[in-house]
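Participant: Generate coordinates for the sequence data below:
(2 chains)
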Amino acid sequence: MIDLRRLADEPAYRAGAVRKGIDDAVLDELDELEARRRGLQSSTEDLRARQNAASKAIGRSSPEERPERIEEAGRLKVELSTAEDELRELTDRVGELALTVPNPAHESVPDGGEDDFELVAEVGERSSPPPHDHADYAEAMGFIDLPRGARTSGSRFAYVMREAALVEFALVQYAMQMVVAEGFVPVVPPVLVSEQMMIDAGFFPTDRNQVYEIESDALHLVGTAEVPLAGLHRGERLSADEVPARYAGFSSCFRREAGTYGKDTRGIFRVHQFDKVEMFSYVAPDESWDELERLRALQERIIGGLGLPYRIINVASGDLGAAAAKKYDLEVWLPSEERYREITSCSNYLDYSARRLDCRITGEGFVHTLNGTACAIARTLVFLFEHGQDAEGGWVVPEVLRPFTGFDRVEPR
RNA sequence: GGAGGGAUGGCAGAGCGGACGAAUGCGACGGUCUUGAAAACCGUUGGGCCUCCGGGUCCCGUGGGUUCGAAUCCCACUCCCUCCGCCA
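Facilitator: Below is the predicted model:
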């Protein structure tokens, strides 16, 4: 949720919103409606003050003068209720319109769309395509079974099997250990959440068609642990010594992937269900930009530690989600496609999400929230399957995972 | 799934139609006393929003309703507890 006061008072803040694609005319209308709403709130409260005073006077008055006073208070009541209706209607309109305004892009975010990102860093060697892409290879090795997944649940569902299943657990352990060492509190959150939680986390109504719904119980399967982690301090007042509060949530993630038919159909690059370790930070307002760099650095260590070549991009304004003021994507080189593909990302939401979550720091206003992927397992496996093939067709386990897998290579089948 | 009970300030707990943003106790903070501490005593001690900075308004689980007036009465919902049944 946007800060309406800043929107009206700070040209730079407003400009950042325009860069995210919101229309100037909408912002003008919003400013005007909000100004009217404030005026109406003041006058309504004045009226209520008079009505309150009239009612209190009745309690102190003698029985003889009561009837007349009650009648007078009754008149004020009618007048007040008209003003209240008007105020409510205006408040609803302002709220509705305000929800359509995205979080203004930070000044360091480049203008433009998907291809207008700023390249921040590039680490490691781009390698040439392997004999088999991850889909063929994983099938041949018995790591992934998509046909049977489809038979069980439909397309984009997979069985992850044999050593790959153990590598999945190893990745979870590796990523979790890494972030816990950095002070993130390990969490296994609920993956079914209420509609209100989806709204407050900022996923509804925009991403409604991407979410699986359990209608019989009015619950929703989360697409990321970000949702329940955002709920961890919803409606709370944190004291200054409770921040920064950092959490690492492990959860299965469920995504309908509506509108992606024919896109990334090979293997498990894009599936309806996968596991992920997600980082979420609650920090003081003056610390969120440092925190974003911290998340980024941690992601680089996790992905770099696996021996994968990657680059970091500063995503352009038009390609940012509504809640993010700035976002880094970490992309790994996918040899079979000879291009970089997204593996993790991290965003600074500033106070945008915290407003809707109503989470504040005592005396410091709204908390700032950030989130970032520690490890999205299925997608990480994709990259590991391609980069880990050796000359004999065997698969080499990244060194950092070996303590968790107990084996360092899988023989070709 | 069935039957009961409950939700009030940091915590405990009173209040059950008007002087209640709310008794009392504990805790926390400040002070007196003390070499220091404890004890004792005195005082302070929730938050949101609007503001012509005087003040006003809203908040007793949440949302509605009754009333001139609701923590208090009515309705719905949510959550918690106890018992029975079922269950990894």
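Participant: can you pull up the bridge partners for whatever residue of the stretch 101-250 of chain A ends up closest to RNA strand B?
Facilitator: Using C-beta to the nearest atom of the strand, the single residue of the stretch 101-250 of chain A nearest to RNA strand B is A:Arg237, 6.5 Å away. For every residue, glycine as well, the C-beta is placed using N, CA and C. Residues in a beta bridge with A:Arg237, per DSSP bridges, are A:Arg360.
Participant: Show the contacting residues for it.
Facilitator: With contacts taken as C-beta atoms under 8 Å, 6 or more residues apart in numbering, A:Arg237 has the following neighbours: A:Arg360, A:Ile361, A:Thr362.
Participant: ok, now A:Asn209?
Facilitator: Each residue near A:Asn209 by C-beta under 8 Å, 6+ apart is listed here: A:Arg256, A:Ala258, A:Gly259.
Participant: So which of the residues you listed wins on neighbours?
Facilitator: Ranked by neighbour count (other C-beta atoms under 10 Å), the contacts of A:Asn209 have A:Arg256 at the top, with 17 neighbours.
Participant: What backbone torsions are found at that residue?
Facilitator: In terms of degrees, to the nearest 10, the main-chain angles of A:Arg256 are phi -70, psi -30.
Participant: Skipping its backbone neighbours, what lies nearest it in space?
Facilitator: On the basis of C-beta to C-beta, 6 or more residues apart in numbering, the spatially nearest residue to A:Arg256 that is not a chain neighbour turns out to be A:Gln210, at 5.2 Å.
Participant: A:Glu29 too?
Facilitator: Counting by C-beta to C-beta, 6+ apart, the nearest residue to A:Glu29 once its immediate chain neighbours are dropped is A:Leu97, at 6.9 Å.
Participant: OK, contacts around the one you found?
Facilitator: Taking C-beta under 8 Å, 6+ apart as the criterion, A:Leu97 is in contact with A:Val26, A:Glu29, A:Leu30, A:Leu33.
Participant: Now the buried members of those residues.
Facilitator: The neighbour-count criterion (16 or more other C-beta atoms under 10 Å) marks A:Leu30, A:Leu33 among these as buried.
Participant: Now distance to A:Ser353, secondary structure and pLDDT too, for the contacts of A:Leu97, in CSV please.
Facilitator: Compiled in CSV, the contacts of A:Leu97 are given as follows (distance: C-beta to C-beta, whole Å; DSSP: H, G, I helix; E, B strand; the rest coil; pLDDT from 0 to 100):
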residue, distance to A:Ser353, secondary structure, pLDDT
A:Val26, 21, helix, 94
A:Glu29, 24, helix, 94
A:Leu30, 19, helix, 94
A:Leu33, 23, helix, 94
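Participant: ok, which of the contacts of A:Leu97 also contact RNA strand B?
Facilitator: Of the residues in the contacts of A:Leu97, proximity to RNA strand B by C-beta under 7 Å from any atom of the strand holds for none.
Participant: For the contacts of A:Leu97, which two are the farthest from each other?
Facilitator: The most widely separated members of these, counting by C-beta to C-beta, are A:Val26 and A:Leu33 (10.5 Å).
Participant: picking up where we left off before, distance check, the residue nearest to A:Glu29 against A:Glu32.
Facilitator: When distances are taken as C-beta to C-beta, to the nearest Å, A:Leu97 and A:Glu32 turn out to be 11 Å apart.
Participant: any idea which helix or strand carries the residue nearest to A:Glu29?
Facilitator: Secondary structure assigned from DSSP states H and E places A:Leu97 in helix A:66-99.
Participant: buried sites along that helix?
Facilitator: Within helix A:66-99, the residues scored as buried using 16+ other C-beta under 10 Å are A:Arg69, A:Ala73, A:Leu76, A:Leu80, A:Ala83, A:Leu87, A:Leu90, A:Arg93, A:Val94, A:Leu97, A:Ala98, A:Leu99.
Participant: can you tell me which of those residues are up against RNA strand B?
Facilitator: Checked against RNA strand B using C-beta under 7 Å from any atom of the strand, the buried residues of helix A:66-99 yield the following neighbours: A:Ala73, A:Leu76.
Participant: Return the closest of the buried residues of helix A:66-99 with respect to RNA strand B.
Facilitator: Proximity of those to RNA strand B (C-beta to the nearest atom of the strand) peaks at A:Ala73, which lies at 3.2 Å.
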